[in-house]
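**Student:** Model the structure of this input:
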Amino acid sequence: MFKLFKYIFSDIIKSKIILFYSLALFVISLSIFNISDSPVKALVSLMNLQLIVLPLICGIFSTIYFYNSSEFIELLVAQPIRRRTIFLSILCGLTASLSLAFIIGMGIPLLIFSFDISSILFVATGLALTFVFTSFALTASVYAGDKARGIGTTLLIWFYFTLIYDGLILFLLFRFSDYPLEKFVIAISFLNPVDLVRILLLLQVDMAAIMGYTGALFKDFYGTTQGILLSAIVLILWFVIPARMSLKKFLRKDL
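**Tutor:** Numbering: from 1, shown residues only. Reported below is the predicted structural model:
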């Protein structure tokens, strides 16, 4: 498996898209830190970039790579190589290369200009989103019958978690504002990895106050060690469950 992973990783890391992605993140991160008068403002700006652009790039690139490698995958399947090994090598190659691009592009500037617990959390949650949306993309690619449908499904997943979900939650909160929703708000935050990361980052830059009473609830829960550990477990599940689903489908799929 290591030889196959090494080949896939080296192939992806040479991609012009990955190089451009890393360089663009690096230039934007440096620019934001240079024009911001405080590290906190820079972190807030980078947070928007991380929550919207990063999932989109990881999802679309992973989907396109899977379909463009269809002939290579068919060749591997014809060899005495287990399908599980092939799929895990692709998954690990994509996550490793995209994670490296993120660390170089955004992680290094973060740790240079603002080396503290907030920056470390930014890098950790960025890696988590990279893993999660790569897993989503492979799930969409394996289940979808053609490239157009796979890319469309990936875009729909990204659109739902970054935009539609927030609208639905705001509607529910407004509709049932007369009822106690404290525990409900905390529970539903686990149903969206992007929202979960957003809450963790907002608490790190001390912006919970702008969320009012809800922000105080989030701070009481997510500000504890137990809350952070639970959040980490949930993010791991958001990666593992789609990956396991796509692996099972890949093992049975007629290529």
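
**Student:** Now residue 122: closest residue in space, sequence neighbours ignored.
**Tutor:** Distances taken as Cβ to Cβ, 6 or more residues apart in numbering put residue 110 closest to residue 122, at 5.6 Å, once the chain neighbours are dropped. (Each C-beta comes from the backbone N, C-alpha and C, glycine too.)

**Student:** That neighbour: neighbour count?
**Tutor:** Close neighbours of residue 110, defined as other Cβ atoms under 10 Å, add up to 26.

**Student:** Then residue 154?
**Tutor:** Burial of residue 154 is recorded as 27 neighbouring residues (other Cβ under 10 Å).

**Student:** can you check the one 10 residues further on too?
**Tutor:** By the measure other Cβ under 10 Å, the count of residues near residue 164 is 11.

**Student:** circling back: so the residue nearest to residue 122 sits against residue 123, correct?
**Tutor:** Yes. If you go by Cβ atoms under 8 Å, residue 110 and residue 123 touch, sitting 6.1 Å apart.

**Student:** before we move on, back to that, can you tell me the element the residue nearest to residue 122 falls in?
**Tutor:** Element membership of residue 110 [criterion: DSSP states H and E] is helix 108-113.

**Student:** what sits against residue 201?
**Tutor:** By Cβ atoms under 8 Å, 6 or more residues apart in numbering, the contact set of residue 201 is 43, 47, 50-51, 118, 121-122, 125.

**Student:** helix, strand or coil for it?
**Tutor:** helix (DSSP: H, G, I helix; E, B strand; the rest coil).

**Student:** Which strands or helices does the helix holding residue 110 pack on?
**Tutor:** helix 16-35, helix 39-68, helix 117-143 (3 or more Cβ pairs under 8 Å, 6 or more residues apart in numbering; DSSP states H and E).

**Student:** Of those helices, which stretch is the most buried?
**Tutor:** Of all the helices and strands packed on helix 108-113, helix 117-143 carries the top mean neighbour count, a mean of 23, counting by mean count of other Cβ atoms under 10 Å.

**Student:** tell me the mean pLDDT for that one?
**Tutor:** The average pLDDT within helix 117-143 is 93.

**Student:** Now do it and helix 16-35, the angle between them.
**Tutor:** Between helix 117-143 and helix 16-35, the angle comes out at 160 degrees (axes from the mean of the first three to the mean of the last three Cα atoms, to 10 degrees).

**Student:** where in this protein is pLDDT low?
**Tutor:** Scanning the chain for pLDDT under 70 picks out 173, 176-182, 205-221, 223, 255.

**Student:** from the middle of its chain, how far away would the host helix or strand of residue 174 be?
**Tutor:** Per DSSP H and E: residue 174 is located in helix 165-175. How far helix 165-175 lies from its chain's middle: 23 Å, per Cα atoms, centre = their mean, to the nearest Å.

**Student:** got the contact list for that helix?
**Tutor:** Outside helix 165-175, the residues that touch it by Cβ under 8 Å, 6+ apart are 181, 185, 188, 191-192, 194-195.

**Student:** wait, residue 12 sits on residue 94?
**Tutor:** Yes. Proximity of residue 12 to residue 94 meets the contact threshold set by Cβ under 8 Å, at 6.5 Å.

**Student:** Touching both of the two, which residues are there?
**Tutor:** By the contact definition Cβ under 8 Å, 6+ apart, residue 12 and residue 94 are jointly contacted by residue 65.

**Student:** Identify the residue nearest the geometric centre of the chain.
**Tutor:** Note on the chain: the residue nearest the mean C-alpha position is residue 129, at 1.7 Å, using Cα atoms, centre = their mean.
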